[in-house]
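**Student:** Generate coordinates for the sequence data below:
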Amino acid sequence: MLPSKNQVRNAGKRIAAVNNIFATSDADVEIIDEWRKAHLTPLSSIAMWLRKPSIDATGLAPAQRLKRRSTVLDKLIQGRASDASTMHDLGGCRLIFPTVQALQDFRSYLETKTRAAHGLQHHRDKYDYIADPKQTGYRGVHYVYGYEPSSSSNAELKGLRIEVQLRTDVQHAWATSVEIADLVLGARTKFEDGTGPYGEFFRVASEMLARRHEGMTSCLPALSDRELLAAFHREERTHNLLDRLDRLREQGDLSKIKEHTVLAFQTDGTLEIFGYTKANRAVEKERELIDNPACAHVVYVRASTPGAIKNSYRNYLTNPTDFVKLMREALG
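**Tutor:** Have a look, this model is predicted:
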C-alpha cells in the first residue's frame, strides 16, 4: 500500500532530525523507500509518452532512473530537501540532444504539440539552466510533470512528480564527469555550490565548453578567454584532474545491460551489472544489494535499449571519454 503524504513527510522529518544515515529508523526508511518505488509506474508511463519523439529527435529512447535510496536519505539529512513527499526528482527521464537547437526544438514539442495529459508543474523557464546556468556550472533544462493515470487502478498515483532532463551532448559530458569524479575521488562536487575542492575546476570547464562548443557562456561570463585559460591551468596544476579522468576506463560487463538494469558499485571500486527483462526483478535486486555491506552505491536504471543506458548513464560506467575529448579541443 502506498504510504500517505503525511506518513512520508513525518518519516522524512524524523530522518532529518537523526542527522546520521546509519542511525535512521528502519520503519522510516521503509516508508521513504516505498514512496520512492511508487514513482516507477509514473516514470514508465512518462518515458513511454516521450519514447517516439525522443527517438525521432535523438536516435535514442529516453533513459529512466529511480533516485538511489541513499541519495534520498542524504538529501533529507543534509537539508537539500525539506519534505520527502514533494521531492520532484525521485523518478527521472533523461534525453540527450546533439545541439542546443535540437534541444530547443524538442522543448517546443513538449510545450505546444504534445497531447499528453501529464501536467507541467511550473513555468516553462523555471528550471532553464541553459539560459541561467547554475553557479556550479551545471547546464540543461528540466521539466517536472505531475502523473495523470490512464487507468483507475493507478488512481492513487495521480500527481506523483517525475522530472524530465534535457541536455546537449556537451552539457551531458560535463555533468557526467562531475559525477564520475565524485564516485572515484569520494567528493561531493555535485551536491555543493561550486566552492568544494574540485568546484572551481568544473566551473571553469563548464565555461570553456560552453564557449568553445556551443557559442554561449556559462557561470563565468565576465572572464576573458585569456583569464579563463589561466584559471584552468591553475586548477589543473593543483588537482591534475583532467589527466586523472583521462586514465579512467569504462567498467563492468556491458553485455549484461538489459531494459531493466541494476548497477552495483563495490567497496573495492569495481562495478557489477545485473540486467533483467522485468521491472519487479530489478527492484528486488536493488533492494537486496542496498543492504549488502560490500556495495557502496546501487542504482536502478531503465531504457528500451542498452545503448540508451550506456549513453545517458555513462557516469555510472565511469566513462569520461567525451568530456576529456571536448576539453582537449577547447584547450586547442
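**Student:** need the strands for the stretch 201-332 of the chain, in chain order.
**Tutor:** All strands of the stretch 201-332 of the chain, identified by DSSP state E, counting those that start in this stretch, fall at 260-266, 271-276, 295-302.
**Student:** contacting residues around Leu209?
**Tutor:** The contact partners of Leu209, taken as C-beta atoms under 8 Å, 6 or more residues apart in numbering, are 170-171, 173-174, 218, 326-327, 330. From N, CA and C alone the C-beta is placed, and that goes for glycine too.
**Student:** Apply 6 Å and report the result again.
**Tutor:** Neighbour list for Leu209: 170, 174, 326, 330 [criterion: C-beta atoms under 6 Å, 6 or more residues apart in numbering].
**Student:** next one: Pro62
**Tutor:** By C-beta under 6 Å, 6+ apart, Pro62 lies in contact with 47, 50, 54, 93, 95.
**Student:** Can you pick out the ones from the residues you listed that are in helices?
**Tutor:** Residues of the contacts of Pro62 located in helices (DSSP state H): 47, 50, 54.
**Student:** between those, which has the most around it?
**Tutor:** Highest neighbour count within the ones in helices among the contacts of Pro62, by other C-beta atoms under 10 Å: Ser54, with 27 neighbours.
**Student:** Hmm, that one is touching Leu95, no?
**Tutor:** Yes - Ser54 lies in contact with Leu95 (C-beta atoms under 6 Å); the separation is 5.2 Å.
**Student:** Going by contacts, tell me the helices and strands next to the strand or helix carrying Ala17.
**Tutor:** Using DSSP states H and E, Ala17 falls within helix 5-18. Contacts defined by 3 or more C-beta pairs under 6 Å, 6 or more residues apart in numbering; DSSP states H and E place helix 5-18 against helix 26-37, helix 69-78.
**Student:** Pull that helix out as CSV, backbone CA atoms only.
**Tutor:** Extracted as CSV, the C-alpha positions of helix 5-18 are listed here (Å, rounded to 0.1, in the frame of the first residue of the first chain):
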residue,chain,number,x,y,z
LYS,A,5,1.9,12.0,2.2
ASN,A,6,1.7,12.7,5.9
GLN,A,7,3.5,9.4,6.7
VAL,A,8,6.2,10.3,4.1
ARG,A,9,6.5,13.8,5.4
ASN,A,10,6.8,12.8,9.0
ALA,A,11,9.3,9.9,8.3
GLY,A,12,11.4,12.4,6.4
LYS,A,13,11.4,14.8,9.3
ARG,A,14,12.5,12.1,11.7
ILE,A,15,15.3,11.0,9.4
ALA,A,16,16.5,14.6,9.1
ALA,A,17,16.4,15.1,12.9
VAL,A,18,18.6,12.0,13.4
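**Student:** can you give me the helices for the chain?
**Tutor:** Remark: helices assigned in the chain by DSSP H are 5-18, 26-37, 40-58, 69-78, 100-108, 169-185, 199-214, 225-239, 241-246, 279-290, 306-312, 321-331.
**Student:** tell me, which of those helices is the model least confident about?
**Tutor:** Sorting the helices of the chain by mean pLDDT places helix 306-312 lowest, at a mean of 76.
**Student:** May I see the buried residues of that helix?
**Tutor:** For helix 306-312, burial by neighbour count (16 or more other C-beta atoms under 10 Å) applies to 306, 308-312.
**Student:** Val164: which of these is nearest?
**Tutor:** Val164 has its nearest neighbour among the buried residues of helix 306-312 in Ser312, at 12.2 Å by C-beta to C-beta.
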